[in-house]
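Visitor: I'll drop the sequence and a predicted model, then ask my questions.
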Amino acid sequence: MSFDTDFKASRIDANGVEIAVRTAGDGPPLLLLHGYPQTGYMWHKVASRLAQNHHVVIADLRGYGDSEKPPTDADHAAYSKRAMAADMIAVMQAFGYAKFDVAGHDRGGRVAHRLARDYPDAIRRLAVLDIAPTLMMYDTTDREFATKYYHWFFLIQPAPLPEKMIGHDPKFYLEQKLRQWGKNREAITKTAFDDYLRCFSNPATIHASCEDYRAAAGIDLVHDAADNGTKLTMPVLALWGTDGMVGNKYDVVSSWQSVATDVRGHGVPGGHYLAEESPEETFAALSAFFAE
């Protein structure tokens, strides 16, 4: 099975927002969510093999990729993880699924976490790739974190400052981000980079991605705090890059144990882009976890 030829592209109306998806395979449903500043194409090295035993649904988050970029407001609620999670529930319901597995990388992992929070009966198993919980990361911010993850604080600046600066040379910014976070730039194929750049060169995508981070520093934290320490009960798998910032700064498993009761996880070689830098190890971990 080939990712480029066998995954069918379509668009789903998710509560009035069109979400671009790619689907392939038969079996239990598995939703895959991408991170910043990428698209669902980031799963291309592992998705075809996962589709041998699952019906794989790969979505572009609202504001990213080929999905719609809805207008925003003063509290950035349109780009909250709650809004993005509701999109994914609608997407999976459109395919007839009331319960499914989900794996999310980076921003997609944060959407997956909110999915599990807001729709616990819909999520059978949750995998999060190279993140710790958002609220914990903000609460423990120090000079090291602010230096390595400066974009968290750059992107939340009021519009149009980051939009103008990124929009001046999107290719330079995208290339710098991939080199900064990844440990093997060659792992990002030309086809994948071209897809990321095609979408990220759109000013509407740049603005929407900033809104995603503005929401993360505001309304998302309100939602996280309102969880009141209630722990997720579905099984959680946490993976991280052994050479990346998250795995070296945080005890990733322990961080997820603070918000979930059933957590396991381990590092895989490389940096932030697990599914592209370490596809064999990432596939093996996800395949085994979702087969349980």
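Guide: Yes, it's here. Residues are numbered from 1 along each chain as shown.
Visitor: rest of the way, CA atoms for contacts and neighbours
Guide: OK.
Visitor: So the residue sitting furthest away from the middle of the chain versus L155, what's the distance?
Guide: Distance from the C-alpha centroid of the chain, by CA atoms, centre = their mean, peaks at H168 (25.3 Å). Noted for H168: a distance of 15 Å to L155, by CA to CA, to the nearest Å.
Visitor: Likewise for L61?
Guide: Computed as CA to CA, the L61 to L155 distance reads 17 Å.
Visitor: Pick out whichever of the two has more residues nearby.
Guide: L61 (32 against 23; other CA atoms under 10 Å).
Visitor: Touching, that one and S67? I think so.
Guide: Yes: here L61 reaches S67: they are 6.5 Å apart, a contact under CA atoms under 8 Å.
Visitor: what do those two both touch?
Guide: Overlap of the contact sets of L61 and S67 (by CA atoms under 8 Å, 6 or more residues apart in numbering) consists of I19.
Visitor: Check the secondary structure at R117 for me.
Guide: Following DSSP: H, G, I helix; E, B strand; the rest coil, R117 is assigned to helix.
Visitor: Helix, strand, or coil at V128?
Guide: Under three-state DSSP, V128 comes out as strand.
Visitor: hang on, it packs against R107?
Guide: No: the pair V128 / R107 is not scored as a contact, 9.7 Å apart, by CA under 8 Å.
Visitor: Point to the residue nearest the middle of the protein.
Guide: Short answer for the chain (CA atoms, centre = their mean): G108, at 1.6 Å.
Visitor: could I get the helix or strand containing V21 in PDB with only the CA atoms?
Guide: Element membership for V21 (DSSP states H and E) is strand 17-24. Taking Å, rounded to 0.1, in the frame of the first residue of the first chain, the C-alpha atoms of strand 17-24 are listed here in PDB:
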ATOM      1  CA  VAL A  17     -15.900  23.900   9.200                       C
ATOM      2  CA  GLU A  18     -14.500  21.800   6.300                       C
ATOM      3  CA  ILE A  19     -11.800  19.400   7.400                       C
ATOM      4  CA  ALA A  20      -9.500  17.800   4.900                       C
ATOM      5  CA  VAL A  21      -8.900  14.100   5.500                       C
ATOM      6  CA  ARG A  22      -7.000  11.200   3.900                       C
ATOM      7  CA  THR A  23      -8.300   7.600   4.600                       C
ATOM      8  CA  ALA A  24      -7.300   4.100   3.800                       C
END
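Visitor: What is it packed up against?
Guide: strand 8-14, strand 55-59, helix 81-94 (3 or more CA pairs under 8 Å, 6 or more residues apart in numbering; DSSP states H and E).
Visitor: redo that, cut-off 6 Å
Guide: strand 8-14, strand 55-59 (3 or more CA pairs under 6 Å, 6 or more residues apart in numbering; DSSP states H and E).
Visitor: quick one: strands adjacent to the last one?
Guide: When pairing is defined by DSSP bridges, strand 55-59 lines up against strand 17-24 (antiparallel), strand 29-33 (parallel).
Visitor: Report the distance from that strand to the chain centre.
Guide: 13 Å (CA atoms, centre = their mean, to the nearest Å).
Visitor: Just the C-alphas of it, formatted as PDB.
Guide: Extracted in PDB, the C-alpha atoms of strand 55-59 (Å, rounded to 0.1, in the frame of the first residue of the first chain):
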ATOM      1  CA  HIS A  55      -9.200   2.100   9.000                       C
ATOM      2  CA  VAL A  56      -6.800   5.100   9.200                       C
ATOM      3  CA  VAL A  57      -8.200   8.600   9.100                       C
ATOM      4  CA  ILE A  58      -5.600  11.400   8.800                       C
ATOM      5  CA  ALA A  59      -7.000  14.900   9.300                       C
END
